[in-house]
Each structure stands twice: as C-alpha cells, then as structure tokens.
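1. Sequence unavailable; structure follows:
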C-alpha cells in the first residue's frame, strides 16, 4: 500500500519487522520474495545482530515458513527449529486468526507503515533510483522510531543473552544441472551459465537477494 517505485517501476514488496515487546525497539528489512524461510532467517538474524543480544522467546504468527500447518500436530519446521536452537530462542506462535494474542507487536506493524507513509509524503516522491536507496530510507525511519525506545531498551538490554559466535546458514542449497543450452532452472526461474559448465551439476545456494553456484 506504500506504492513505492524503483527506477520508475512499481516495487512489490513486504517488510519483515522484528520488535521487542517491552521496549518497542525494532528492526525492519525489505523483502520481495514472499514469506519464505530464507526471508525469515535473514530478517531475524539481521535484527538480532543489530540488537546485539538474544531475547528468551521468539513469537510469530502462523507463518508456513516457521510452522508446518498441514501436519496433524502443528510443529516447527526442521530448519526453523535449528535456527532457534542456534540462538537459544524458545519459539512460540499465535493461534491461527488470533493476531490479538500478539497485539503489542501487531500495533507496531501499523505504526511502521504509518511512519513510512508519512515520510514518503513529506519526501514528495515515492520513487527511488534503486533498491539500496529505498532500504536506506526505511532504515532511517526505523532509527527515528527507535530513539523513542532508548530508555526502555536500556532496561531491557541486560535481560538479553549473548549472541552466538557466528550466524547460521542464511541460504538454501538446491542441486541444478546446466542444460546443453547453458541454462539451469531454480524454483521455476531460469538462469544462464558459462558454456564451460554445460552438462555439469551445480550446488546452488539461494539467499534472500542473490544466488551462488558451486561446482565440485
């Protein structure tokens, strides 16, 4: 609903937002890949490292990226379970259709969108030259919102646990074979490869915004 444009074209995207329930400190990331596990993992880890600590609990709504809603007993997906264990997070969730159970966070989704919309109106344009410029704009607005949370964050920060020594994997590994035309397909999207790789099988690491192809 923000009607943002990148280089003159409509930019369909979502915002992943992480927020602390007590202080209201938040972190937001621009996502154009839908509610995927990679988007969730990248956004959550970026937020934790920007925060500099780990809370006791991570609560989501019924994200299919985190919870297997089709299972007879709804359970965490394996990758999300591993992600939470890596950071020592206890994973919880709202009941389906009951966003009021997470009201302190849901209200911050509205306040972020309102703040962005107002800032775009003051800016006089919703068009950005490139994605990086828009991401910097979002970061500036989030930083302004966080200044209001500074005193409460000072109280909350001692309750955070230390970060692990490293981030965990922020990619999904997918095998792909390069065809005789120098093309390989990854989740319905086609990519070209150097002719030297024709006939070879690649290990493709899919990140939120780019892919890496590994041979051997």
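-> That came through fine. As the structure is a computational prediction, the values presented were derived from the model and not from experiment.
2. which residue ranges form the strands in this protein?
-> Assigned by DSSP state E, the strands in the chain fall at 5-6, 9-10, 14-19, 26-31, 57-60, 67-68, 75-76, 90-93, 127-128, 172-177, 183-186, 189-192, 201-206, 211-214.
3. For the nearest residue to residue 48 once chain neighbours are set aside, give me its contacts.
-> Spatial nearest neighbour of residue 48, chain neighbours left out: residue 54 (5.8 Å); criterion: C-beta to C-beta, 6 or more residues apart in numbering. Heads up, the C-betas are built off the backbone N, CA and C, glycines and all. Residue 54 makes contact with 48, 87, 88, 89, 160, 161, 162, 163, according to C-beta atoms under 8 Å, 6 or more residues apart in numbering.
4. Contacts only, for the residue nearest the centre of the chain.
-> Among the residues of the chain, the one closest to the centroid is residue 43, at 3.0 Å (C-alpha atoms, centre = their mean). Neighbour list for residue 43: 16, 18, 27, 29, 31 [criterion: C-beta under 8 Å, 6+ apart].
5. Give me the pLDDT for residue 187.
-> Here the pLDDT value assigned to residue 187 is 86.
6. Low-confidence bits of this structure, can you list those?
-> 62-76, 94-105 (pLDDT under 70).
7. buried ones in the biggest helix by length in it?
-> Ordering each helix of the chain by length in residues (DSSP state H) puts helix 103-123 first. Across helix 103-123, burial judged by 16 or more other C-beta atoms under 10 Å covers 105, 108, 109, 112, 116, 120.
8. ok, which pair from these is furthest apart?
-> The distance between the two most remote of the buried residues of helix 103-123 (C-beta to C-beta) is 23.0 Å, for 105 and 120.
9. Deepest in the core, which of the strands of the chain is it.
-> strand 26-31 (a mean of 21; mean count of other C-beta atoms under 10 Å).
10. Distance from that one to the middle of the chain?
-> Taking C-alpha atoms, centre = their mean, to the nearest Å, one finds strand 26-31 lying 7 Å from the centre of the chain it belongs to.
11. Residue 2 and residue 120 touch, don't they?
-> Yes. Using C-beta atoms under 8 Å, residue 2 is in contact with residue 120, at 6.5 Å.
12. which residues are common contacts for these two?
-> Common neighbours of residue 2 and residue 120 (C-beta under 8 Å, 6+ apart) are residue 126.
13. hang on, isn't residue 195 packed against residue 181?
-> No. Under the criterion of C-beta under 8 Å, residue 195 makes no contact with residue 181, lying 9.7 Å away.
14. distance of residue 177 from residue 205?
-> 16 Å (C-beta to C-beta, to the nearest Å).
15. Kindly apply the preceding question to residue 16 instead.
-> Taking C-beta to C-beta, one finds residue 16 at 20 Å from residue 205.
16. Residue 178 now?
-> From residue 178 to residue 205 the distance is 16 Å (C-beta to C-beta).
17. repeat for residue 146
-> 32 Å.
18. next one: residue 156
-> 35 Å.
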